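Undergrad: just to be clear, the model below is a prediction. Sequence and coordinates:
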Amino acid sequence: MTETGQQEVKLQKSEGSGAGKLGYAILYLILGVIAVLQIYPLIWLVFFSLKTNQEVFNASPFALPADPKWENYATVWTQGNINLYFFNSVWITLVSVALTILLASFVTFAITRMNWKLSKLVLGLFMVGLMIPVHSTLIPLFNFFLSINLIDHPLALILTYTAFNLPLTIMILLGFYSTLPREVEEAAVIDGSSIHRIFFQITLPMSLPVMSTTFIINMIYNWNEFVFINTFISSDSYKTLTVGIQNFIGQYSTDWGAIGATLVISILPILIAFVFLSNKIVEGIAAGAVKG
Amino acid sequence: MNKVMSNKWVIAMYVLPALLLILVLIYVPIILTGYYGLMKWDGIGEMDFIGLSNYTKLLTDDDFWQSSLNSLLLAIFSLLSLIGYLAISLVLAAKIKGADLLRKIYLIPMLLSSVAIAQLWLKIYHPSNGLLNSLLVFFGVENPPAWLAEPNLVLGAIFVPIIWQYAGFYILIYYAALKNIPDSVIEAAKIDGASPLQIAYKIKLPLIMGVIKVTIVLSFVGSLKYFDLIYVMTGGGPNGASEVIASYMYKQAFNSYNFGYGSAVGFALLLFCLLATVIIQRLTRTDDEVEY
């Protein structure tokens, strides 16, 4: 907001009529109620994750947990395999995200910095990939991984996550690469640097800000992914949290505290990331959506 | 410079890994899904070519059309809800203090996995101990319904968490677009004596029409593809009342082992999505794009 804008708000406030003030109060009230509606279910979730079934069934659902049962978390973490699922989510997410960003950076570099005839066509292929519904690829992908013995193998997930996140990642990178000054790279070419050196030592480090945006967006998508892992993975040892909690809840469907604790564990990393990186997340989501 | 930046080997090395991934894991499966639709196939044994039987069967399959109708209803609900998101964004972008914080709070549910959201809302809708029915009982409603077990209510009940999940996303997009409108345009309108409503309706909305069109496609086509949330919350039940195209496809293939027929459903989903995109773009096409 510009300085004149701020002054104007003050002016409006001081000169505002009673009706104007009332109008503003109602607007704030509505916006506040929406904020509560967005947040309260999660607070309620944390509450019941700390309750015993007795409290859930007999006391008011709005009540604070009388005697917080932190042991609900300890129990599901070790006995419900949640620690294993959590670890799988972390490493499968990280490997996929790293691979996606590296490959997408290669492509974006080749498209924005190098001269070749088919670059427009290749870019088009990546962009159209954004529009393909994943469910329509599910059966052929399942059959493909089955035929090359990668069903129930984490590589099937990593490759699929990478493929489906490449279009969006390239799109976000493109916007940034096109604004990067080229003088440094040109000077390096004149000095006789190899292309790989230019890419790894100049372009890649310069693109760190946008890489962090794509990192967090990819992380959220992969962490939350459900359809592919539900279809490709059947052994417990490779399951991630999204499918793992499905299984777990299937077995403990009446234990509210355990279910709540599992859900909180599964969403906590994303919420923590959001607290520290909300601007990056907002930027990435907006960039991904508006151009898509 | 040009010579270094035109090295064909380097271009191939940078582009091919990513290109191969999207060709093999996105484009080939899309074509194969249509091809598998021509087969009778249990997913494990040999495929039998049966021509267009699966596709002609689709045309008279009541369950398929019921699920398509449900998908269409969700898509229409989503379109209508855009109006609400737009109204909230107009308020948020109009010099509201704390707008930045509010839009971030609104966004939080969007970051959670559909599985976690589905499990949380299963608890909210729990007939006896859920948040919703406890609230209704508190306000004196006798015998509140079991929301997800009533064929007439289930689709609406599922749409509420969908709003909860996506509201922040669309508000974020509209807010960003509205903030991009130069202050000078609004100031000029104010000096000319335009009321806030006139400014919103006659100036702001036309100026962000491009973004609105994108969100219309996103929400409509996105709704046609809904799967995770419904699969976890109701599995399409009761009695198919919340079945959507993607969940019907999944059931046909992975539960009933009709992989050929499931592929035909998957191909129909792809066609519906493409068709919807083309139709919406035709309907919303304007001759002169607004510039400022």
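TA: Cool, the structure landed.

Undergrad: contacting residues around the residue most central in space within chain A?
TA: For chain A, A:Ile220 is the residue whose C-alpha lies nearest the centre (CA atoms, centre = their mean; 1.5 Å). Going by CB atoms under 8 Å, 6 or more residues apart in numbering or on different chains, A:Ile220 touches A:270, A:273, A:281, B:111. All C-beta atoms are positioned from the backbone trio N, CA, C, and that covers glycine.

Undergrad: out of the residues you listed, who has the most neighbours?
TA: A:Ile281 (23 neighbours; other CB atoms under 10 Å in any protein chain shown).

Undergrad: didn't that one look like it was pressed against A:Ile272?
TA: No: here A:Ile281 lies out of contact with A:Ile272, judged by CB atoms under 8 Å, at a distance of 11.9 Å.

Undergrad: quick check: mean pLDDT of the biggest helix by length in chain A?
TA: Ranked by residue count and defined by DSSP state H, the top helix of chain A is helix A:256-291. Averaged over helix A:256-291, pLDDT sits at 85.

Undergrad: mind listing the strands for chain B?
TA: B:39-40, B:48-49 (DSSP state E).

Undergrad: meant to ask about chain A
TA: In chain A, no strands are found when defined by DSSP E.

Undergrad: give me the low-pLDDT residue ranges for chain A?
TA: In the predicted model of chain A, residues A:1-17, A:288-292 satisfy pLDDT under 70.

Undergrad: what about residue 71, neighbour count?
TA: No chain specified, so I'll use chain A. 11.

Undergrad: correction: the question concerned chain B.
TA: 23.

Undergrad: which residues touch residue 266?
TA: The chain I'm using is chain A. Per CB under 8 Å, 6+ apart, neighbours of A:Ser266: A:86, A:89, A:241-242, A:245, B:113, B:115-116.

Undergrad: could you do chain B instead?
TA: A:135-139, B:33, B:37, B:249, B:253.

Undergrad: and what of A:Phe47?
TA: Here A:Phe47 is in contact with A:63-65, A:260 (criterion: CB under 8 Å, 6+ apart).

Undergrad: which one (most neighbours) among these?
TA: A:Gly260 (26 neighbours).

Undergrad: ok, now how distant is the nearest residue in space to that residue that is not next to it in sequence from chain B?
TA: Leaving aside its sequence neighbours, A:Gly260 sits nearest to A:Ser49 (CB to CB, 6 or more residues apart in numbering or on different chains; 2.9 Å). Distance of A:Ser49 to chain B, computed by CB to the nearest CB, to the nearest Å: 10 Å.

Undergrad: can you count the residues close to A:Ser49?
TA: 24.

Undergrad: what segments of the stretch 1-150 of chain B are helices?
TA: Using DSSP state H, counting those that start in this stretch, the helices of the stretch 1-150 of chain B run over B:8-22, B:28-36, B:53-59, B:62-93, B:99-107, B:114-124, B:131-138.

Undergrad: who are the packing partners of the third one?
TA: Using 3 or more CB pairs under 8 Å, 6 or more residues apart in numbering or on different chains; DSSP states H and E as the contact test, the elements touching helix B:53-59 are strand B:39-40, helix B:259-283.

Undergrad: let's see 10 Å
TA: Applying 3 or more CB pairs under 10 Å, 6 or more residues apart in numbering or on different chains; DSSP states H and E, one finds that helix B:53-59 contacts strand B:39-40, helix B:62-93, helix B:259-283.

Undergrad: cool, and the fifth one?
TA: Based on contacts counted as 3+ CB pairs under 10 Å, 6+ apart, the elements that helix B:99-107 packs against are helix A:18-49, helix A:256-291, helix B:62-93, helix B:154-179.

Undergrad: so who does B:Leu25 touch?
TA: Contact analysis of B:Leu25 by CB atoms under 10 Å, 6 or more residues apart in numbering or on different chains lists A:129, A:137, A:140-141, A:144-145, A:156, A:159-164, A:166.

Undergrad: make it 7 Å
TA: Contact analysis of B:Leu25 by CB atoms under 7 Å, 6 or more residues apart in numbering or on different chains lists A:141, A:159-160, A:163.

Undergrad: how about the residues of the stretch 101-250 of chain B by chain A?
TA: Counting by CB under 7 Å from any CB of the partner chain, the stretch 101-250 of chain B comes close to chain A at B:102, B:104-109, B:111-116, B:119-120, B:124, B:129, B:131, B:134, B:164, B:168-169, B:172-173, B:176, B:183, B:211, B:214, B:218, B:225, B:227-228, B:232, B:246, B:249.

Undergrad: out of these, which end up buried?
TA: Buried members of these, counted by 16 or more other CB atoms under 10 Å in any protein chain shown: B:102, B:104-109, B:111-116, B:119-120, B:124, B:129, B:131, B:134, B:164, B:168-169, B:172-173, B:176, B:211, B:214, B:218, B:225, B:227-228, B:232, B:246, B:249.

Undergrad: low-confidence stretches in the stretch 51-200 of chain B?
TA: Ranges of the stretch 51-200 of chain B meeting pLDDT under 70: none found.

Undergrad: report how many residues lie close to A:Ile132.
TA: 19.

Undergrad: settle this for me: it is touching B:Val28, isn't it.
TA: No: using CB atoms under 7 Å, A:Ile132 makes no contact with B:Val28, being 11.5 Å away.

Undergrad: where along the stretch 151-292 of chain A do the helices fall?
TA: So, for the stretch 151-292 of chain A - with DSSP H, counting those that start in this stretch - the helices run A:154-177, A:183-190, A:195-197, A:204-206, A:208-224, A:227-232, A:241-251, A:256-291.

Undergrad: tell me which of those helices sits nearest to B:Ala189.
TA: helix A:256-291 (24.3 Å; CB to CB).

Undergrad: burial of the residue nearest to B:Tyr175 when sequence neighbours are not counted, as a residue count?
TA: Using CB to CB, 6+ apart and skipping the chain neighbours, the partner closest in space to B:Tyr175 is B:Ser89 (4.8 Å). Each residue near B:Ser89 was counted by other CB under 10 Å, and the total is 25.

Undergrad: may I ask you to confirm that B:Ser89 is in contact with B:Ile171?
TA: Yes: at 5.1 Å, B:Ser89 counts as touching B:Ile171 under the criterion of CB under 7 Å.

Undergrad: OK, contacts around the residue of the stretch 151-292 of chain A found nearest chain B?
TA: Closest residue of the stretch 151-292 of chain A to chain B, CB to the nearest CB: A:Asn224 (3.5 Å). Applying CB under 7 Å, 6+ apart to A:Asn224 gives the contacts A:242, B:113-114.

Undergrad: so which bits of the stretch 151-292 of chain A are right by chain B?
TA: Residues of the stretch 151-292 of chain A lying near chain B by CB under 7 Å from any CB: A:159-160, A:162-164, A:166, A:186, A:189, A:195, A:220, A:224, A:226-227, A:231, A:242, A:245-246, A:249, A:259, A:263, A:266-267, A:270, A:274, A:278, A:282, A:285-286, A:289-290, A:292.

Undergrad: got a PyMOL select line for the buried ones in those residues?
TA: The PyMOL selection below is limited to those of those classed as buried (16+ other CB under 10 Å):
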select buried, chain A and resi 159+160+162+163+164+166+189+195+220+224+226+227+231+242+245+246+249+259+263+266+267+270+274+278+282+285+286+289+290
